[in-house]
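Undergrad: Could you work out the structure for the sequence below:
(one chain, ligands or ions: 1)
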Amino acid sequence: MNDTGLTDTAPAKITARGVQVYYGGTHAIKDVSVDIPDNTVTAFIGPSGCGKSTFLRCINRMNDTIAVARVEGDIRIDGEDIYDRRVDPVQLRAKVGMVFQKPNPFPKSIYDNVAYGPRIHGLAKDRADLDGIVESALRRAALWEEVKDRLAQPGTGLSGGQQQRLCIARAVATAPEVLLMDEPCSALDPIATAQVEELIDELKQNYSVVIVTHSMQQAARVSQRTAFFHLGHLVEYGETGRIFTSPEDPRTESYISGRIG
Ligand SMILES: Nc1ncnc2c1ncn2[C@@H]1O[C@H](COP(=O)(O)OP(=O)(O)OP(=O)(O)O)[C@@H](O)[C@H]1O
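TA: Next comes the predicted model:
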């Protein structure tokens, strides 16, 4: 590992090279290169406005939906350039699922929330197959036992923590390989947060999970690797324990000791 965030060993799931993001005249991400491994939780931390969410959104081309945003550089998943003209962003987002800060279930039943992606991507051959996909996604999101008897009820009727797990179930239902989470616990109480954190730990068995968090405690609890961003730069990236106990860059050290941010 060198200090720019590149690994020399195992092949990375996600590789970024020389990524720049501009919002009109604002240069939000400055020459970021990073290798993100599979079956790992990677945390993005840093002060407000440093670009964590912007960089996360590059990984499933969500910045394409922002008219003033411009992304440059190279981002690959399993070696495939996700910005290649032949890549359909809708297909990409099935492969790279995203969970947002505020739980945002669709105004549909619990079942239909989870079935939505598999339906639009034609992943189920019949109703029984779809039922199986929905059940398996809800189980992966540790929600099945709580909702199996009320699948026809609205997703919006669940508690905040349950809604967030429903959104995780919706994301995993399309058999993604990468899960992006943008402050997924910030609207949750401590008990729901603990449940979602436990779930994140389990999800890494099947996915490369990347989480933006404002909570250093959360980054320390859930992630194996941490990337510290500051003013659009990726300042330091490495094994989470090392970043928190012996950061190499004075900016990282200032942030984790509470002097900036
Ligand atoms: N849609 C947008 N249009 C214009 N500028 C934006 C947009 N989104 C973000 N920015 C700017 O890009 C920079 C990085 O913002 P970003 O939201 O990625 O930071 P962040 O580290 O995730 O912040 P926070 O922790 O506060 O969510 C900031 O200067 C922000 O004002």
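Undergrad: Run the chain-centre distance for the helix or strand hosting residue 254.
TA: Per DSSP states H and E, residue 254 falls inside helix 250-256. The chain centre lies 24 Å from the centre of helix 250-256; the measure is CA atoms, centre = their mean, to the nearest Å.
Undergrad: Ok, stretch 79-87 next?
TA: Mean C-alpha position of stretch 79-87 versus that of the full chain (CA atoms, centre = their mean) differs by 19 Å.
Undergrad: Show residues contacting that stretch.
TA: Contacts with stretch 79-87, where a contact means CB atoms under 8 Å, 6 or more residues apart in numbering, come from 15, 59-61, 71, 74-76, 92, 96. (Glycine included, C-beta is placed from N, CA and C.)
Undergrad: Mind checking which of the residues you listed are in helices?
TA: Among these, the members found in helices (DSSP state H) are residue 92.
Undergrad: ok, of the contacts of stretch 79-87, which come out buried?
TA: Buried residues within the contacts of stretch 79-87, counting neighbours by 16 or more other CB atoms under 10 Å: 15, 59-61, 71, 75-76, 92, 96.
Undergrad: How about the contacts made by the residue nearest to residue 102 when sequence neighbours are not counted?
TA: Leaving aside its sequence neighbours, residue 102 sits nearest to residue 187 (CB to CB, 6 or more residues apart in numbering; 5.1 Å). Contacts for residue 187 (CB under 8 Å, 6+ apart) come out as 101-103, 160, 164.
Undergrad: Just the element for residue 187, please.
TA: Assessed by DSSP H and E, residue 187 sits outside every helix and strand.
Undergrad: Likewise for residue 57?
TA: helix 52-58.
Undergrad: contact partners of that helix?
TA: Outside helix 52-58, the residues that touch it by CB under 8 Å, 6+ apart are 16, 19, 21, 28-29, 32, 44-46, 63, 69, 71, 75, 180, 182, 210, 212, 229, 234.
Undergrad: Let's see that with 6 Å instead.
TA: 21, 28-29, 44, 46, 63, 71, 75, 180, 182, 212, 229 (CB atoms under 6 Å, 6 or more residues apart in numbering).
Undergrad: Just the pLDDT for residue 168.
TA: Note for residue 168: predicted pLDDT of 95.
Undergrad: What count of nearby residues applies to it?
TA: Residue 168 has 26 neighbours, counted by other CB atoms under 10 Å.
Undergrad: The residue lying closest to it once chain neighbours are set aside and residue 166: what is the separation?
TA: Closest residue to residue 168 apart from its sequence neighbours, by CB to CB, 6+ apart: residue 141 at 4.3 Å. Using CB to CB, to the nearest Å, residue 141 is found at 7 Å from residue 166.
Undergrad: tell me the strands in this protein, going along the chain?
TA: In the chain, strands defined by DSSP state E lie at 14-23, 26-36, 41-45, 69-77, 80-81, 96-99, 178-182, 208-212, 225-230, 233-239, listed in chain order.
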